[in-house]
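[1] One predicted model, sequence on top.
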Amino acid sequence: LPFRYGMVELPSGKMKSREGTVVDADELMEEMTDTAREIAQEQGKLEGMSDADKEDLYKMIGLGALKYFMLKVDPKKSMMFDPKESVDFQGNTGPFIQYTHARIKSILKKSGFEQGDLKVATDLALTDKDAAVIKLLQQYPETIEAAARNYSPALVANYVYELVKEFNSFYQNVPKIVEESNVNMKQFRLLLCFKTAAVIKSACGLLGIEVPEQM
């Protein structure tokens, strides 16, 4: 089937070959990795990682930022691509989504979470924040179907961003999960974290984006 794609513009204006403003893909990917390196080092949360692992992470963040920024916009629409904005760790960006996945994996690690040993009670008094995350998780299959039907990966990209936003709101507004005194509620919320991380990883995988275990 024929597809029509919109124009990709830079902050300085449209890319035009006759004016020498076409961006070389290899140079762009290298620039994205360098920008990710600078920002990740400023965050200062990479203790214990080898230099080789850090370089792999910088590349993962940089390429994830590039892919997500491109894919979150409907392919038929024109867009403005700002490399620095795309690597921001806040907002609708790939690194924000990658960071949330790493945060969830850290929560699960600190809690000693083991999926096979988890038995969840069914009579829990859930908050609106719990319910909002569950509702979004339930929408994942239909989101994939809609994206395939409309040939639009943007639907998956924007879905995973909404899921990440909702999870972060949940995480900030419920009692600290690892310190939760109600054993049944703690087990439920750990499973909710696990499922959220799994969907984030799956959705990003559909977009060709890797997610880190630590960040």
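    Perfect, I can see it now.
[2] Now do the top helix by length along the chain: distance to the chain's middle.
    Ranked by residue count and defined by DSSP state H, the top helix of the chain is helix 183-206. Centre-to-centre, helix 183-206 and its host chain are 13 Å apart (C-alpha atoms, centre = their mean, to the nearest Å).
[3] Stretch 155-169 too?
    Worked out by C-alpha atoms, centre = their mean, stretch 155-169 lies 8 Å from the chain centre.
[4] Let's test this: mean pLDDT of that stretch, rounded?
    Mean pLDDT, stretch 155-169: 97.
[5] circling back: outside of the longest helix of the chain itself, which residues are in contact with it?
    With contacts defined as C-beta atoms under 8 Å, 6 or more residues apart in numbering, helix 183-206 is touched by 64, 97-98, 100-101, 104-105, 107-108, 111, 113, 115, 118-121, 124, 130, 133-134, 137, 140, 144, 147, 153, 156, 159-160, 163-164, 167, 170, 174, 177-178, 180, 210-211. All C-beta spots, glycine's among them, are computed from the backbone N, C-alpha and C.
[6] What subset of those is buried?
    64, 97-98, 100-101, 104-105, 107-108, 111, 113, 130, 133, 137, 140, 144, 147, 153, 156, 159-160, 163-164, 167, 170, 174, 177-178, 180, 210-211 (16 or more other C-beta atoms under 10 Å).
[7] which ones among the residues you listed are found in helices?
    Short answer: the buried ones among the contacts of helix 183-206 in helices (DSSP H) are 64, 97-98, 100-101, 104-105, 107-108, 111, 130, 133, 137, 140, 144, 147, 156, 159-160, 163-164, 167, 170.
[8] what sits against residue 69?
    Contacts of residue 69 by C-beta under 8 Å, 6+ apart are 81, 85, 86, 93, 94.
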